[in-house]
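A.B. asks: one predicted model, sequence on top.
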Amino acid sequence: MTDARTLQAGAATTTPDVVSRTWLKAGLAHVSTILVPVSLGLWAYGVRHAKAGRLGPFGLPAVLPVVFYVGVALLIISIGFELAQSKLRPWRLALHAVALVVMLYGTAPLVYPAGRYSWLYKTIGVVQYVNAHGQLNRFIDIYQNWPGFFALTAWFDKVAGVSSPLVYAKWSQLVVELAALPLLYLCYGALRLPERQRWVAMLLYSGSNWIAQDYFSPQALGTLLSLGIAAITLRWLYAGNLAGTPFGNLRRLRRRPRPTESPDEAEPEHKRMNAVKSFLTFWRPGRTHREFAPFSAVVLLIFFVLTFTHELSPYLLIVQFGLLAVLGFVRPRWLPVAFAAIAVAYLVPRFAFVNSHYGVLKSIGAFFSNATPPSFNSGTQPLSQRVIQYSADLLSAFVWGLALLGAWLRRRSGRTVVTLLVLTFAPFFVLGLVAYGNEGLLRVYLFSLPWAAALAAAVLAPVPATDVGKGPRWKAMRRLAAPVLGTGRRVQALAVPLALGIAVALFFPAFFGDDYFNRMPMGQVSAITTFLTVAQPGPIYTPVANSAPMADTARYSQFPEHDIFGPFGVLGRKHVTLDVAKELAADANTLVGAHRAAYVLITSGMLHYIRSYGLAPPHDVSTLLKSMRRSHLWRRVRVHQPGVQLYELPPIANALPARQ
């Protein structure tokens, strides 16, 4: 009786504490149920009250209300709570991943009535050309030499009954980033990453992709096709994920008892059998060529589509999976060779055009020159532009730094870490071959980001202790690494949102900071599109080719653009005088003669771009504007749209002597 009463009393005294802990645990487990809708509501309210018409040098981040950032912060906090649970709930994490993508990539299409980036309108023009002519002309530009994206979009427009991609092009970034999530999950699952690391990597990818390759372009489709190829290859054509070094089993198999060894000194039979079994598992010989064939055929088909969709993506895949095949991680090993054969066969008949326009042969071997980003600055850049550039650089360094740390911490995880290292840093080899318009380093970051995020996830999510190291000499390192590794759920609840918060904080200026000149007002888009539709063909002179919604009609090739300022501009480095209008008229006469028109187009975005990058001194810009207003050679075309100045040089005025 005494024992029963004691037990009953003990149960009575401990029950409230147990109940309170249970309620607390349940409350924390479902905190995202409250935070997610609240964060989305605050974000939507912030988007609704964003003052997009008052953009300044710091772009969109400076005009978004505080409540917008509070919504994003609450979502990141909710992600930390969700990842800290002992049992992950995939549907909740998927909801957080989708919500993060919507917040980051759905803001611009909701705030702006027209798509960002002047180069987006060039892709629209190529689609319109295909729709109008029903064929391609590969001597016009490089876009029509890689027509996969444009042909697909033209077909879609006809099926959907859409007159122009302008209707939906601004939503491309959101759609592409959402489509990348399941592909990333398949890739990480094929590499057998722990589930927690998969979700952390996906979230970090979405929060760090500042390159903006996902706009309406062949690169966006190429990114998805590349991830699809990687997912299939890693899932069905990959050698597996065994613990230990990649060739450890092979070295053990090669060990044989020497003739001088006694039977007692020889390796035990059961150990040799285990080594043979591990070796067989390593190479998976049960997979015959007949079993490889369906997956290899699918991968080759997708790669073929990628080859005539984007000019650079196939070669990055060749380098990445070629190295994996050399290491024996991808079977059959001839797969990258087949990739190279397809890509080279497609390039050969187009190489003369590409080399003459882009100097491919000159860039081979010039690694440091190819890795140099474009620089047009002729003076001191304003503070805003330095902040934007430093944010992009810091974000890239942050992700790559976490990737290197994750690779070190997971160095004992065998083939997975080796594969991720190859996929992350193999794209740097491409910089030794091509400059890609001084955007080579940006493409390297883009193609390494999915795998760098996976390595970085090893730093932020719990990992087995064996991956850190064993023995007394690793005790100090484990103690130092404990806060980073997140050995406890409480620490991880801080590590993941902290790292993700840093990435997103740098993402906003890097991704939205240039909206001062990347934003395209809908009125300017309509006015310039109308002009290009009805105007007589002729060259268009602009202060700078960027930052204007040009070339979005089927006649885009009939209006070649010529810069006025900059290293490749008509004026070069010379000082601008009030005779600049006359000089432009003489240059137009040299180009088209006396029977075609020419134009000068100046928009507010162009002027913002010049100031941001220091392309020309302010005095030269004001002199150009004054000279155009006073010129009797150029006729002002009335455009009822603020921020647009359009001048026409009628054919009769082209009788001026050509400029020497």
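C.D. replies: The structure has been received and is ready for your questions. Numbers count the residues shown, from 1 in each chain.
A.B. asks: what about the helices in the stretch 301-450 of the chain?
C.D. replies: Per DSSP state H, counting those that start in this stretch, the stretch 301-450 of the chain carries helices over the ranges 313-326, 335-347, 351-358, 360-363, 367-371, 383-409, 415-425, 440-460.
A.B. asks: out of those helices, which one sits most buried?
C.D. replies: helix 440-460 (a mean of 26; mean count of other C-beta atoms under 10 Å). Every residue, glycine included, has its C-beta placed from N, CA and C.
A.B. asks: what mean pLDDT does it get?
C.D. replies: Helix 440-460 shows a mean pLDDT of 90 in the predicted model.
A.B. asks: same question for stretch 54-69.
C.D. replies: Stretch 54-69 shows a mean pLDDT of 94.
A.B. asks: quick one: which helix or strand includes V600?
C.D. replies: Assigned by DSSP states H and E, V600 belongs to strand 598-603.
A.B. asks: which neighbours does that strand have in its sheet, and in what orientation?
C.D. replies: Counting by DSSP bridges, the strands paired with strand 598-603 are strand 540-542 (parallel), strand 644-649 (antiparallel).
A.B. asks: can you list those strands in JSON lines and add distance to V621?
C.D. replies: JSON lines is the format used below for the strands paired with strand 598-603 (distance: least, C-beta to C-beta, whole Å):
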{"stretch": "strand 540-542", "distance to V621": "12"}
{"stretch": "strand 644-649", "distance to V621": "12"}
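A.B. asks: domain assignment for the chain?
C.D. replies: 6-113+170-238+364-515, 118-167, 521-655 (automatic domain parsing).
A.B. asks: what is the mean pLDDT for the helix or strand just after the strand holding V600?
C.D. replies: As assigned by DSSP H and E, the chain's next helix or strand after strand 598-603 is helix 604-613. What helix 604-613 shows for mean pLDDT is 88.
A.B. asks: quick one: the next helix or strand after helix 604-613 to chain centroid distance?
C.D. replies: As assigned by DSSP H and E, the chain's next helix or strand after helix 604-613 is helix 618-630. Relative to its chain's centre, helix 618-630 lies at 38 Å (C-alpha atoms, centre = their mean, to the nearest Å).
A.B. asks: could I get the strands paired with strand 598-603 as a markdown table with mean neighbour count, distance to V399 and mean pLDDT?
C.D. replies: Output for these, formatted as a markdown table (neighbours: other C-beta atoms under 10 Å; distance: least, C-beta to C-beta, whole Å; pLDDT from 0 to 100):
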| stretch | mean neighbour count | distance to V399 | mean pLDDT |
| --- | --- | --- | --- |
| strand 540-542 | 23 | 35 | 93 |
| strand 644-649 | 21 | 39 | 92 |
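A.B. asks: nearest to V72, out of these?
C.D. replies: Closest approach to V72 among the strands paired with strand 598-603 (C-beta to C-beta): strand 644-649, 34.5 Å.
A.B. asks: and that closest one with helix 604-613, angle?
C.D. replies: Counting by axes from the mean of the first three to the mean of the last three C-alpha atoms, to 10 degrees, strand 644-649 points 100 degrees away from the direction of helix 604-613.
A.B. asks: give me the residues contacting strand 644-649.
C.D. replies: Strand 644-649 is contacted from outside by 524, 527-528, 531, 535, 538, 584-585, 588, 597-604, 625, 628, 631, 633-637, 639, using C-beta atoms under 8 Å, 6 or more residues apart in numbering.
A.B. asks: pull the helix or strand with minimum mean pLDDT from the chain.
C.D. replies: helix 248-254 (a mean of 38; mean pLDDT, DSSP states H and E).
A.B. asks: before we move on, the earlier item: dump the C-alpha coordinates for the strand holding V600 into PDB.
C.D. replies: Presented in PDB, the C-alpha positions along strand 598-603 are these (Å, rounded to 0.1, in the frame of the first residue of the first chain):
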ATOM      1  CA  ALA A 598      18.200  57.200 -88.200                       C
ATOM      2  CA  TYR A 599      17.100  57.900 -84.700                       C
ATOM      3  CA  VAL A 600      18.400  59.000 -81.300                       C
ATOM      4  CA  LEU A 601      16.500  57.600 -78.300                       C
ATOM      5  CA  ILE A 602      17.100  58.800 -74.700                       C
ATOM      6  CA  THR A 603      15.200  57.500 -71.700                       C
END
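A.B. asks: W119: which of the strands paired with strand 598-603 is closest?
C.D. replies: The nearest among the strands paired with strand 598-603, by C-beta to C-beta, is strand 540-542 at 13.8 Å.
A.B. asks: rewinding a little: let's have the helices of the stretch 301-450 of the chain in TSV, adding distance to A52.
C.D. replies: Output for the helices of the stretch 301-450 of the chain, formatted as TSV (distance: least, C-beta to C-beta, whole Å):
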stretch	distance to A52
helix 313-326	33
helix 335-347	42
helix 351-358	36
helix 360-363	39
helix 367-371	35
helix 383-409	17
helix 415-425	36
helix 440-460	26
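A.B. asks: out of the ones you listed, which gets nearest to F512?
C.D. replies: Nearest to F512 among the helices of the stretch 301-450 of the chain is helix 383-409; the distance by C-beta to C-beta comes to 9.0 Å.
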